[in-house]
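1. no FASTA, just this:
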């Protein structure tokens, strides 16, 4: 399995499209950091405008932690596209290139191939999210320094300097879990077709439609909301609460993991029976 | 003789289309087995089933005396194949493609081994070139290289000379003969060109519309049958008069200037030639037309 995963990772990182995600995130993070450097105080004023009359804020509030929190929040809707760009190509790319014929006629079971491809896709997802967090934190701290983190989560919460970093680690875990679900969904659609464009478009359509439905404040949509997996993809944000709603975090983790297992199981089931005609 | 491939009642249906219909075939160790049929006959579908790319609708496949489904990995370790056109990871070099495929197969992927294989197909100088820069012929040769990489006992080649120039076709034929005779490999060679198979195979099967039309040794099948023959004569007028008054007229298919097309039994060819000569008609050439399509027609006419 180790060799297969290594080969799949090598294939992923030999393709130009793989680096689009890293370049895009790098560019966006730099742009947002520049914007915050130039006009970040306006954002901070907006965040604190209602309570400024009653409280006096001291210290470095426009710091690397706040910038990273802001970037994570802004990019969660865009990262899935970068994930699915690679995940959608994992199986459909082999079909398009005609390389299924070389791959599947090797003395390796389809189950092992699917596992290897999925693990490689998962590792790409982890690396992409890690890149986002490390780059945001690294540049943020280097340019803006550290300080208390001020977040608006139903109410205004201020986290002490020494109570923040672990939350970013936990947020990273939550973001990876959510993005792995996106990766699995793209992987599932990728197993059904012979062109990588289809899975990319379909996965993004599902995510966008589900996200819109999750956000709509209409009674009917409220009743279906618990059944939309996008409703549980904000797990990373839950760790920036005080106190943390552990039950909700656990429920989110279970729902996301369940979806990942279900989509992966379905992919495996269908792919093992699939006729390779390309 | 030891059976290497044994296919029984194999069928494959795609919705309403029956691509392979109750096919039986047996390949023995050391055979160069010709698998013939026109385009769309079901050759590639059969090969895809042999290589586990598609699942049969019915029937059984045993390779090396073991059921393929239950012993897939064990069997595939001993098979090298080109299934239809060879496609590779275009963004990787020829060397890297072979290295990756070799690693998946669990075979020797040392620099020496890969360079040896590339040299055997004449690609050693392009080892580091990306496959996307290769011509079809070069990809075909790289396809052969990947099929031979793990030193398989059985080699399945699906139309290996498609798209090659005459020199390339000759090289592939020589390689097949070399692999069979010098390396004692069993070869399963699919083609729609009868002449190609005739030159290298010892046994063959012809399939059409997914069904076996005929199976046997190449010698038996090509020699014991009726031939379509073109006689080129010096005097068309005299030949026409002779044919009208003799029994040969009934076997005449068509005439174009000096060229007379007949359907004859093999031993009748010499007899007709002799009778034409006896009437002072000179025969410049006698060309048997054994294209697969015509051979098919003969077989189906016989069947009717």
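-> Sure, I can see it. Owing to the predicted nature of the structure, the values given are computational and were not obtained by experimental measurement.

2. what about the residue in chain A positioned nearest to chain B, how many residues close to it?
-> Among the residues of chain A, residue A:98 lies closest to chain B, at 3.1 Å counting by C-beta to the nearest C-beta. For glycine as for every other residue, the C-beta is placed from the backbone atoms N, C-alpha and C. The local packing of residue A:98 (other C-beta atoms under 10 Å in any protein chain shown) involves 18 other residues.

3. Please name the nearest non-neighbouring residue to it.
-> Among residues not flanking residue A:98 along the chain, residue B:87 sits closest, at 3.1 Å (C-beta to C-beta, 6 or more residues apart in numbering or on different chains).

4. Tell me where the longest helix sits in chain B.
-> The longest helix of chain B (DSSP state H) is helix B:166-181.

5. Could you chop chain B up by domain?
-> By the assignment in automatic domain parsing, chain B contains the domains B:3-220, B:227-303.

6. do you know which of these lies nearest residue A:214?
-> Across the domains of chain B, the minimum distance to residue A:214, taken as C-beta to C-beta, is reached by domain B:3-220, at 38.3 Å.

7. In this structure the residue of chain A closest to chain B contacts residue B:83, no?
-> No - in this structure, residue A:98 is not within contact of residue B:83 by C-beta atoms under 8 Å, at 9.4 Å.

8. C-terminal to whatever helix or strand residue A:10 lives in, what's the next element?
-> Counting by DSSP states H and E, the element that carries residue A:10 is helix A:2-12. For helix A:2-12, the following helix or strand on the C-terminal side (DSSP H and E) is helix A:16-48.

9. Now do the helix or strand following that following helix: which elements does it pack against?
-> For helix A:16-48, the following helix or strand on the C-terminal side (DSSP H and E) is helix A:64-75. For helix A:64-75, the elements it packs on are helix A:16-48, helix A:110-144, strand A:149-153, helix A:165-192, judged by 3 or more C-beta pairs under 8 Å, 6 or more residues apart in numbering or on different chains; DSSP states H and E.

10. confidence score at the nearest residue to residue A:115 once chain neighbours are set aside?
-> Nearest residue to residue A:115 in three dimensions, chain neighbours excluded: residue A:1, at 6.7 Å (C-beta to C-beta, 6+ apart). Residue A:1 carries a pLDDT value of 85.

11. ok, residue A:1 - contacts?
-> A:112, A:115-116, A:119 (C-beta atoms under 8 Å, 6 or more residues apart in numbering or on different chains).

12. Which positions in chain B make contact with chain A?
-> B:48, B:51-55, B:72-77, B:79, B:81, B:83-92, B:100-101, B:103-106, B:146 (C-beta under 8 Å from any C-beta of the partner chain).

13. do you know how far the residue lying closest to residue A:249 once chain neighbours are set aside is from residue A:153?
-> Closest residue to residue A:249 in three dimensions, ignoring its sequence neighbours and counting by C-beta to C-beta, 6+ apart: residue A:238, at 5.1 Å. Residue A:238 sits 9 Å away from residue A:153, going by C-beta to C-beta, to the nearest Å.

14. Please enumerate the strands of chain B.
-> Taking DSSP state E as the test, the strands found in chain B are B:3-14, B:17-28, B:32-36, B:58-63, B:66-67, B:79-82, B:154-158, B:186-191, B:203-208, B:211-217, B:227-233, B:252-256, B:259-264, B:283-289.

15. remind me which residues of the stretch 1-150 of chain A are low pLDDT?
-> For the stretch 1-150 of chain A, applying pLDDT under 70 flags the ranges A:47-60, A:75.

16. Next: chain B.
-> With pLDDT under 70 as the threshold, chain B has low-confidence stretches at B:222-225, B:290-304.

17. Now with 80, please.
-> When the per-residue scores of chain B are filtered using pLDDT under 80, the ranges that remain are B:1, B:162-164, B:193-196, B:216, B:218-227, B:266, B:288-304.

18. For chain A, give me its nearest residue in it.
-> Chain B approaches chain A most closely through residue B:87 (3.1 Å), counting by C-beta to the nearest C-beta.

19. Distance of that residue relative to residue B:94?
-> 13 Å.

20. Which of the two has more residues huddled nearby?
-> Under the neighbour definition other C-beta under 10 Å, residue B:87 and residue B:94 were set side by side, and residue B:94 has more, 27 against 19.

21. need the contact list for that one.
-> Residues touching residue B:94, when contacts are defined by C-beta under 8 Å, 6+ apart, comprise B:88, B:118, B:123, B:126-129, B:131, B:134, B:142, B:145.

22. What subset of these is buried?
-> Burial by neighbour count, judged by 16 or more other C-beta atoms under 10 Å in any protein chain shown, picks out B:88, B:118, B:123, B:126-127, B:131, B:134, B:142, B:145 from the contacts of residue B:94.

23. thinking again about what came up before, just name whatever secondary elements the longest helix of chain B is in contact with.
-> Judged by 3+ C-beta pairs under 8 Å, 6+ apart, the packing partners of helix B:166-181 are strand B:32-36, helix B:136-148, strand B:186-191, helix B:194-200.

24. Any chance of TSV for the ones you listed, columns distance to residue B:243?
-> As requested, those are arranged in TSV below (distance: least, C-beta to C-beta, whole Å):
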stretch	distance to residue B:243
strand B:32-36	33
helix B:136-148	46
strand B:186-191	36
helix B:194-200	28
